[in-house]
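Participant: structure for this input, please:
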Amino acid sequence: MKTTDHFKRTIQMYLEQRAAEDALFAKNYRNPAKNIDDCVTYILNYVQKSGCNGFTDGEIYGQAVHYYDENEIEVGKPIQCQIAVNHVVELTAEEKAEARQNAIRQYQDEEVRKLQNRHKPRTATKATTQEVQQPSLFDLGL
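Facilitator: Sure, this is the predicted structure:
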């Protein structure tokens, strides 16, 4: 899973929990003009403009809530970056099964490649392809 997906899921889980506990926020969270992708873009632009490298959970969650609370907010342009998240996201049974199948498929592909490479003839190295010139009887001038 990409780090941005992990970050997005962490933010979304927080927002869903907050919406379940706060009816006023739930109304803003269900706004059809808002979405989690724009929320993440807004947060990333906020972080980039600040010039800081690390933030508390509260600061980031606060920006996510701010995005949903404001009707007119400038999201900014999407940013390509790596995000480190220090939260563990619980996967659903379906996601675990999919990850397991991907791992099995990757392992099988690696093993097939190993078997295919084992049957290929090895190419000779320079040292073995160079023949040592043995002088013949005619070369000796006897």
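Participant: break this structure into its domains for me.
Facilitator: Under the assignment named as automatic domain parsing, the residue ranges that make up the domains of the chain are 3-86, 90-117.
Participant: where along this structure do the helices fall?
Facilitator: According to DSSP state H, the chain carries its helices in the segments 3-21, 23-29, 36-50, 57-69, 93-118, 126-129, 137-140.
Participant: least reliable of the ones you listed by average pLDDT, please.
Facilitator: Of all the helices of the chain, mean pLDDT reaches its minimum on helix 126-129 (a mean of 54).
Participant: where's stretch 73-89 relative to the chain centroid, distance-wise?
Facilitator: Taking C-alpha atoms, centre = their mean, to the nearest Å, the mean C-alpha location of stretch 73-89 is offset from the chain mean by 12 Å.
Participant: what mean pLDDT does it have?
Facilitator: For stretch 73-89, mean pLDDT is 81.
Participant: pull out the buried positions in it.
Facilitator: Buried residues in stretch 73-89, defined by neighbour count with 16 or more other C-beta atoms under 10 Å: 75, 83, 85. Bear in mind the C-beta positions are built from the backbone N, C-alpha and C, glycine included.
Participant: quick check: phi and psi at the last one.
Facilitator: By that I understand residue 85. phi -120, psi 130 (degrees, to the nearest 10).
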